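A.B. asks: sequence and predicted model, in that order:
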Amino acid sequence: MLEISVFRRFGFKLRLLVLVLLLGGTINAQVDQSSYSVLGVGSPNWSGFAQNAAMGGFGISYNSRYFFNDLNPAILGTNREAVFQLGTALDYRSITNGNETYSTMTGGFKEFSLSAPLIYGKWNFGISLTPYSSVNYGFTQDRTGPEGGTTLVDVTGRGGIDQVNMSTAYNLGNLSIGLKGTYYFGSINNEEKFTLESLNSPFATTIVNERRSFGEFALSGGIRYALELNESEQINFGAYYNPSFNLSQSSLITFENEDINGTVINSDTLVYDKDLNKSIRIPERIGFGVSYEKFRALALGVDVQLQNWKTYRNSDNLAENYYGESLRIAIGAEFVPNIEQPTKLFNVTSFRFGLHYEQTPFLVNNETVNDFGINFGLSLPLNSFWGLSHVTAGFTLGQRGNISTVGLVRENYLKLNLGFSLQDITWFTKQRFN
């Protein structure tokens, strides 16, 4: 069991890690992009860390002890030793809207985590930073302006909602019970730039900027049970439940006028409702999964996650007609060729494959927007003097939406998730010699 002396030894490092979490939150949620993220609070994140993404987001009931998995807080009980993990992501998309096609790419820091045993093999604690939703879009519209002119409107949006999670899991034999406390925070910025063409006016450009800021704490929980078939094989069952909660929101809307040279002539604040105690209602999320596992050789299973965004309420306590029911199904597998002969890198490399189908929460002209992807990846073990580490890569080839209905957009995308994990038992063990 951890003693106070151990926490004192690592107190500075832990404080530094928390600082990295908080600073990282300002750039998180920028690793995904979608035209549909213009709606509501953006595109929800379902797929977990890099090793989960390589299996289509699979991991509610299964996890390797060498990696951090935040899909189900009870999964934390599979980590015997301390695990440090961070990840980044790259997203490339080809977007088709009617007869027009263009491409875009974004990427950056995505996630961070640290777990440690409080009682070895019984009780674990973890902290992580991950995106809950991502907003990243941009498009241009032509509108009829005054005096027969044309108004060119450039619309862009950036940001999202991030989550700092503090999780704990306790093992009761083959049953693990997990509890997670989450602080949701972040901001979504929407800018509309109106440019009057064919008019010789000193007020040729007007920019309206809306910034919505969020913050709230919420609790969730999960369970996992391992049914042992023999010494090396078992069937895993997992489930989690995130209750609905009110997420506080404040809005700041400003505008400014620019002349034809781009110089700001005047600006003003239209709305600032920080003290009105407004909030939005985030729907409950439920997930469950089952998997077959042969220790350090093979794992395969399926996950289902559900969230009914029809129960979403905006800051005026009203439902939104662009939200419906969302569903995600992930089928994943992990294979290690021959752990008994670790002298060859190929034998101990973890290969992963997966498929995912997602009915996104977005409705366009009462039609659902679906997402389908093929996933694959691997983890390379790297032995070093500081512990056992892994470099993980996960790839997703997918398509979101279609162009069969007016108003819909088709997005063909390639996602790359990169992760680094480090496992070491010596960080949080009792010193025997000074």
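C.D. replies: Structure received.
A.B. asks: report how many residues lie close to Ala393.
C.D. replies: Ala393 has 18 neighbours, counted by other CB atoms under 10 Å. To be clear about C-beta, it is placed using only N, CA and C from the backbone, and glycine gets the same treatment.
A.B. asks: Leu300 now?
C.D. replies: Residues near Leu300, counting by other CB under 10 Å, number 18.
A.B. asks: do me a favour and get the backbone dihedrals for it.
C.D. replies: phi -150, psi 150 (degrees, to the nearest 10).
A.B. asks: do the same with the one 10 residues further on
C.D. replies: In terms of degrees, to the nearest 10, the main-chain angles of Lys310 are phi -60, psi -20.
A.B. asks: repeat that for the one 10 residues further on.
C.D. replies: Backbone dihedrals for Glu320, given as degrees, to the nearest 10, come out at phi -120, psi 130.
A.B. asks: what pLDDT is listed against it?
C.D. replies: The model reports Glu320 with a pLDDT of 94.
A.B. asks: that one: what's it in contact with?
C.D. replies: 39-40, 312, 314 (CB atoms under 8 Å, 6 or more residues apart in numbering).
A.B. asks: show me what whichever strand or helix holds Ala226 is packed up against.
C.D. replies: Using DSSP states H and E, Ala226 falls within strand 205-228. Contacts defined by 3 or more CB pairs under 8 Å, 6 or more residues apart in numbering; DSSP states H and E place strand 205-228 against strand 175-197, strand 233-242, strand 245-258.
A.B. asks: which two of the contacts of Glu320 have the greatest separation?
C.D. replies: Taking CB to CB, the two most distant members of these are Leu39 and Asn314; they sit 11.4 Å apart.
A.B. asks: neighbour count: the two, which is higher?
C.D. replies: Of the pair Leu39 and Asn314, Leu39 is the one with more neighbours under other CB under 10 Å, namely 21 against 16.
A.B. asks: surely the more buried one meets Asn321?
C.D. replies: No: counting by CB atoms under 8 Å, Leu39 stays clear of Asn321, with 10.3 Å between them.
A.B. asks: my guess is Lys110 contacts Asp91. True?
C.D. replies: No: applying CB under 8 Å as the test, Lys110 and Asp91 come out as separate, 10.1 Å apart.
A.B. asks: looking at these two, which is more packed in?
C.D. replies: Lys110 (28 against 22).
A.B. asks: just to revisit the earlier point, could the contacts of Glu320 go into CSV alongside secondary structure and pLDDT?
C.D. replies: Shown next, in CSV, are those (DSSP: H, G, I helix; E, B strand; the rest coil; pLDDT from 0 to 100):
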residue, secondary structure, pLDDT
Leu39, coil, 93
Gly40, coil, 93
Tyr312, coil, 97
Asn314, coil, 94
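A.B. asks: neighbours of Leu318, just the number please.
C.D. replies: Neighbours around Leu318, by other CB under 10 Å: 9.
A.B. asks: if I look at it, how far off is Lys278?
C.D. replies: 12 Å (CB to CB, to the nearest Å).
A.B. asks: wait, Thr104 sits on Ile95?
C.D. replies: Yes: counting by CB under 8 Å, Ile95 is a contact partner of Thr104 at 6.7 Å.
A.B. asks: which one of those two is surrounded by more residues?
C.D. replies: Shown here are Thr104 and Ile95; by other CB under 10 Å, Ile95 has more neighbours (21 against 16).
A.B. asks: what secondary structure does the spatially closest residue to the more buried one that is not a sequence neighbour sit in?
C.D. replies: Among residues not flanking Ile95 along the chain, Glu411 sits closest, at 5.2 Å (CB to CB, 6 or more residues apart in numbering). Per DSSP: H, G, I helix; E, B strand; the rest coil, the secondary structure class of Glu411 is strand.
A.B. asks: distance check, Glu411 against Lys278.
C.D. replies: With the distance defined as CB to CB, Glu411 ends up 32 Å from Lys278.
A.B. asks: give the contact list for the residue nearest to Ser128 when sequence neighbours are not counted.
C.D. replies: Closest residue in space to Ser128, ignoring its immediate chain neighbours: Ser113 at 3.7 Å, by CB to CB, 6+ apart. Remark: with contacts taken as CB under 8 Å, 6+ apart, Ser113 is in contact with 49, 68, 70, 83-86, 126-130.
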